[in-house]
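Asks: quick one, what's the 3D model for this:
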Amino acid sequence: MSRLSVSLMVGLCAVGLAMLPAQAHKTEVSGDVAGTWHLEPNHSAKAGEPARVWVALTQQGGRVIPLGNCNCNLAVYKANQKASIPLMQPTLTPMSPESFENIPGAEITFPEVGEYRIVISGSPTADVTFTPFELSYTTVVAAGSASATTPPPQPAIDQDSSEPIPASSDREGAAAPVQISWVWGIAIAVGGVGVAAIAVLLLLRRQKLPHPQDDSSEL
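Replies: Numbering: from 1, shown residues only. As a prediction, this is how the structure comes out:
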């Protein structure tokens, strides 16, 4: 780190921390711009619950850079994320916390427990002069009440509808006995007619045979 950067950071930290309450703030330097981060509440965000982050941007000498003088963008990444696409890009709005006025800030709802990296990058508007910068802040998000997972309610089971619906093969199998009994009925009916016909034929044949008593009378 160059001597100018070291002296700039020492001076900005002294000015910035003098303006802030005695809380844990992180200050980073990029070029001739320093940024002091603050995450509410108490630098302890919880998953599923909205948190507010703001960055006090200052130039050398302690002059604050309001959001109106900066083309700033905010991006949130997982700490171990390798892809360049951010997890989310919250919209920056001017905030006036504590003794600052119109500094960049945003509301963030972290989706789950874990470590996240918040990055702000920016360049000056036409009215001011400072070098383009990129500053980052890493935070650990704890479990929150909104992130507690509860099993989804199970739908009520209708006893009538819970019975399995037979497949088409089962329905065809159920209809088979009816068809078989119908065939057997026809067979029995046909068999009965055949037996009756045989009986009639035997009766007729018997009537045509000569009676033994008639032969004895002739003798």
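Asks: from here on, contacts and neighbour counts on C-alpha atoms
Replies: OK.
Asks: shaky segments in the protein?
Replies: Low-confidence segments of the chain, defined by pLDDT under 70: 1-24, 146-219.
Asks: can you pull out the strands in it?
Replies: 26-30, 33-40, 50-59, 70-78, 93-95, 103-109, 114-124, 133-141 (DSSP state E).
Asks: relative to strand 133-141, how tilted is the third one?
Replies: What it means is strand 50-59. For strand 50-59 against strand 133-141, the angle by axes from the mean of the first three to the mean of the last three C-alpha atoms, to 10 degrees is 150 degrees.
Asks: got the buried residues for strand 50-59?
Replies: Judged by neighbour count using 16 or more other C-alpha atoms under 10 Å, the buried positions of strand 50-59 are 51, 53, 54, 55, 56, 57, 58, 59.
Asks: so which of the strands of the chain gets nearest residue 86?
Replies: Of all the strands of the chain, strand 70-78 sits nearest to residue 86, with 5.1 Å by C-alpha to C-alpha.
Asks: show me which residues of the closest one are buried.
Replies: For strand 70-78, using 16+ other C-alpha under 10 Å, the buried residues are 70, 72, 73, 74, 75, 76, 77, 78.
Asks: picking up where we left off before, of all the buried residues of strand 50-59, which comes closest to residue 37?
Replies: residue 55 (4.6 Å).
Asks: state the number of residues packed around the closest residue to that closest one other than its chain neighbours.
Replies: Excluding the flanking residues, the one nearest residue 55 by C-alpha to C-alpha, 6 or more residues apart in numbering is residue 37, at 4.6 Å. Other residues lying near residue 37 total 22 when counted by other C-alpha atoms under 10 Å.
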